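**Q** Okay, here's the prediction I keep looking at, along with the sequence it came from:
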Amino acid sequence: MNTPGLTVIKVGGSLLDLDGLEARLSAILARHGPRVLLIAGGGKVVDVVRELDQRHGFGDQDSHELAIRGLDFTAAILTVFLPESALMWRPMELELNWAGGRVPILMPSLFLDAFDRPRPDALPASWRITSDSIAARAAVILGAEHLILLKSASAPQGSSRADAARLGLVDPDFPDIAKDIPLVTQINPREPLSEGVILVADS
C-alpha cells in the first residue's frame with residue numbers, strides 16, 4: 001500500500017523518562033507533520049519481558065509476542081504525552097485521524113498480526129528484532145517516504161544503515177528491513193539542537 005507523504009516516527013522507549021519530552025515531540029511533529037505515524041519503543045517495559053525470559057526460558061515465540069504487546073502499552077503511554085493523539089492499527093485510520101487533527105499512534109500487535117504475519121518474509125520471533133525493525137517494517141508496509149528514529153544516542157555524520165547496526169544503534173536486521181525506505185533519519189532528542197543524521201542507504 002502507498003500513503004503519500006507519510007513519515008513514520010519511532011519514539012525510543014529510553015526517551016519516556018526525558019524531561020520535556022512532550023515539548024520535544026511537539027517540536028518534531030511541527031517540523032515533520034501533519035502526515036505522521038508514531039510508534040513507541042519498548043524501554044523498561046520490554047526489559048521486564050527480557051529478564052523473565054532469561055529467568056524462566058519462555059522461548060522465542062512467547063517472548064516475541066509478549067514484547068510486542070509491551071509496545072502496545074508504551075504506545076498508550078505516548079497518548080498521555082500527546083493528548084491530541086489516538087491509538088490505531090488499520091491503515092484506513094491514518095487519514096481519519098489526520099482529518100480530525102489527531103496524531104495516530106500505532107498498536108503494533110494488531111497491525112503486525114494483520115499485515116506482517118501473512119508475508120513470506122514476516123519478522124522472525126527473535127530478540128534480534130527490536131522496535132527499530134518493527135517501525136521499519138510498518139514504514140515499508142504503509143509505503144512511508146521517511147522513517148525517523150528518535151533515540152537516546154547519536155549516529156556519526158555520514159553513517160549508513162549498516163554502520164548504525166555495527167555500532168549497535170539499530171538491530172542487525174534493520175538495514176535489510178529498511179532498504180526500501182527512501183529516507184531514514186536518526187535524531188537524539190536529548191540534544192535539543194540536533195537536526196539528526198541521515199542514515200545513508202546501503203548499496
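**A** Thanks, I have it.
**Q** list the contacts for the closest residue to L82 other than its chain neighbours?
**A** Nearest residue to L82, sequence neighbours excluded (CB to CB, 6 or more residues apart in numbering): V103, at 5.6 Å. The way it works is simple: take the backbone N, C-alpha and C, and place the C-beta from them, glycine included. With contact taken as CB atoms under 8 Å, 6 or more residues apart in numbering, V103 is in contact with 29, 33, 36, 38, 82, 84-86, 97.
**Q** next one: P4
**A** Per CB under 8 Å, 6+ apart, neighbours of P4: 35, 143, 145.
**Q** Nearest spatial neighbour of the first one, chain-adjacent residues omitted?
**A** Yep, that's R35 we're talking about. G5 (4.3 Å).
**Q** ok, the one you found to P189 distance?
**A** Remark: distance between G5 and P189 (CB to CB, to the nearest Å) = 23 Å.
**Q** tell me, how many neighbours does P182 end up with?
**A** 10 (other CB atoms under 10 Å).
**Q** My guess is it contacts H146. True?
**A** Yes. Between P182 and H146 a contact is recorded at 7.1 Å, counting by CB atoms under 8 Å.
**Q** For the closest residue to R190 other than its chain neighbours, what are phi and psi?
**A** Leaving aside its chain neighbours, R190 sits nearest to S152 (5.6 Å; criterion: CB to CB, 6+ apart). Per-residue torsions, S152: phi -80, psi 40 (degrees, to the nearest 10).
**Q** can you tell me how far S152 sits from S109?
**A** 24 Å.
**Q** Residues contacting the lowest-mean-pLDDT helix or strand in the chain from elsewhere in the structure, which ones?
**A** When each helix and strand of the chain is scored by mean pLDDT, DSSP states H and E, helix 43-56 comes last, with a mean of 90. Contacts with helix 43-56, where a contact means CB under 8 Å, 6+ apart, come from 12-16, 42, 58-59, 62-63, 66-67, 70-71, 73-74, 127, 131.
**Q** try 10 Å this time
**A** Under the contact criterion CB atoms under 10 Å, 6 or more residues apart in numbering, helix 43-56 has outside partners 11-17, 42, 58-60, 62-74, 77, 127, 130-131, 152.
**Q** Just the buried subset of those residues, written out for ChimeraX, thanks.
**A** In ChimeraX, selecting the buried portion of the contacts of helix 43-56, with burial taken from 16 or more other CB atoms under 10 Å, looks like this:
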select :11,12,13,14,15,16,42,58,63,64,65,66,67,68,70,71,72,74,130,131,152
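**Q** next structured bit after the longest helix seen in the chain?
**A** Using DSSP state H, we find that the single longest helix of the chain is helix 60-81. Next along the chain after helix 60-81, taking DSSP states H and E as the criterion, comes strand 85-88.
**Q** tell me which residues of that following strand are tucked away?
**A** Quick answer for strand 85-88 (16+ other CB under 10 Å): 85, 87-88.
**Q** Give me the contacts around it.
**A** Identification of contacts with strand 85-88 by CB under 10 Å, 6+ apart yields 25, 29, 37-38, 72, 75-76, 78-79, 93-94, 96-97, 100, 102-107, 110-111.
**Q** Distance-wise, check the spatially most distant residue from the centre of the chain relative to R50.
**A** The centre of the chain is farthest from one residue, H56, which by CA atoms, centre = their mean lies 27.8 Å away. For H56, the distance to R50 (CB to CB) stands at 11 Å.
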